[in-house]
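# Make a model of this:
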Amino acid sequence: MTPVARTLLALTASVLLTSPAGAPSAGRYPKPTELPDPYRLVPGWPTIPASMNGGHWGEVIRVHVARDGNIWVFHRCFNTVPPGHATCIQRGAANPPILEFAPSGKLLNSFGAGLFAYPHGFTIDAQGNLWTSDVNDEATVLGMPAKNAAGVQMGQEVLKLSPTGQVLMTLGKEGVSGNGPDSFDRPTGVAIAPNGDIFVSDGHAPNAHNSARIVKFSPDGRFIRSWGRKGAAPGEFDEPHDIFIGGTQNRLYVADRKNRRIQVFDLDGNFIATWPQFGEPSSVFVGKDDTIYVGAAFPDPPAKKGLLRGIVVGSVKDGSLKAFIPDPADPDKLNVGTTASGIAADDAGNIYAADVAAHNLRKYVPVR
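Numbers count the residues shown, from 1 in each chain. Predicted structure coming up:
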């Protein structure tokens, strides 16, 4: 097949999946304000010990649910500075970046101090191992050297950790930016396929090499391939901010934030669809039942600061939109943009949102 034919096939697939039979055509999806909100916020969840920052969150970047139902949180060490990319540097053992909660909200475990400068990507594999990324690309933050106990600059890497915090694997070169097979330039997210293959979204804006790609590795960390570059065409990216593998078809979903779309691929990197109806996404999660959850923002002139923020709930079967949960935070009180930079759901349909800007972790339950 010629390159032109492949492009035409990809575009056709995009149109078909964005406008499937029985679903609204492109540009005819309901506005978020036209969607129902069948969820209830759980107040006072979870419980943070007073010994940790007085029981108050700082910037929370990601959240995921393990197979046993426990909820894991990746956050920026209860810090709020610099705003939008708070640092974990020199925060100490009293402010660990990884927390495990029971469904009741009780804190069960915490660790990770000294491993990260700028926490970002986070997921959990089928064995319960944690996959994290650090997007720090600065030698000094707030006058503090961004070095670990070994004297190496932190950042530009993906770490695989055991459920007890032991480092099991490192991808990338710590403290070194690049866009080759063994280096990253601000890796934003991690996703693990059912066979153990590792996918990393690379290229948080801004970055030194203009990176905007997806990188695939074997379960043992061997580079397989990468695809994508900075741009707006199908298969190109402009700040791929989050990544997830899920649903009954085990497809790869990318929150292509600055292009204001979700992109869908198979696990070989073949382009399937682009979905602009989910707004400007910062986070994406797909459940076993093919429900998709997206932390997003939508242009809305009447809204404060011209943006409507919230969680969009839909279906990956046809790209349809089912619900919208408005962001409860007041935009006038936020130093940075979107709050739901991390999103997850459990098998019961409860939703968990990690708030960077509002310094919070939210849990919603379906209203039956």
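
# And residue 313, which helix or strand is it part of?
Using DSSP states H and E, residue 313 maps to strand 307-315.

# how about that strand: buried residues?
For strand 307-315, the neighbour count (16 or more other C-beta atoms under 10 Å) marks 307, 308, 309, 310, 311, 312, 313, 314, 315 as buried. Yep, even glycine has a C-beta here, placed from its N, CA and C like the rest.

# Any chance of TSV for those residues, columns pLDDT and distance to residue 283?
As requested, these are exported to TSV (pLDDT from 0 to 100; distance: C-beta to C-beta, whole Å):
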residue	pLDDT	distance to residue 283
307	89	16
308	93	16
309	95	12
310	96	12
311	98	9
312	98	10
313	98	13
314	98	14
315	98	17
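
# Closest to residue 59 out of those residues?
Within these, the smallest distance to residue 59 is 15.9 Å, found for residue 309 (C-beta to C-beta).

# Show me what the closest one bridges to in the sheet.
Beta bridges link residue 309 to residue 297 when assigned by DSSP bridges.

# what's the pLDDT at the nearest residue to residue 237 once chain neighbours are set aside?
Counting by C-beta to C-beta, 6 or more residues apart in numbering, residue 212 is the residue found nearest to residue 237 once chain neighbours are left out, at 4.0 Å. Predicted confidence (pLDDT) for residue 212: 98.

# What is the neighbour count of residue 212?
By other C-beta atoms under 10 Å, 25 other residues sit near residue 212.

# how far away is it from residue 283?
Residue 212 sits 17 Å away from residue 283 when distances are taken as C-beta to C-beta, to the nearest Å.

# can you check residue 96 too?
Here residue 96 is placed at a distance of 22 Å from residue 283 (C-beta to C-beta).

# neighbour count winner among the two?
residue 283 (28 against 21).

# pretty sure the more buried one belongs to a strand, no?
Yes: secondary structure of residue 283 (DSSP: H, G, I helix; E, B strand; the rest coil): part of a strand.

# ok, what's across the strand from it?
Here residue 283, judged by DSSP bridges, has bridge partners residue 295.

# Could I get the average pLDDT for the helix or strand harbouring residue 74?
Here residue 74 sits within strand 71-75, counting by DSSP H and E. For strand 71-75, mean pLDDT rounds to 98.

# Direction included, what does it pair against?
Sheet pairing for strand 71-75, using DSSP bridges, gives strand 60-65 (antiparallel), strand 98-101 (antiparallel).

# quick one, phi psi at the residue nearest to residue 237?
With angles defined as degrees, to the nearest 10, residue 212 shows backbone torsions of phi -160, psi 90.
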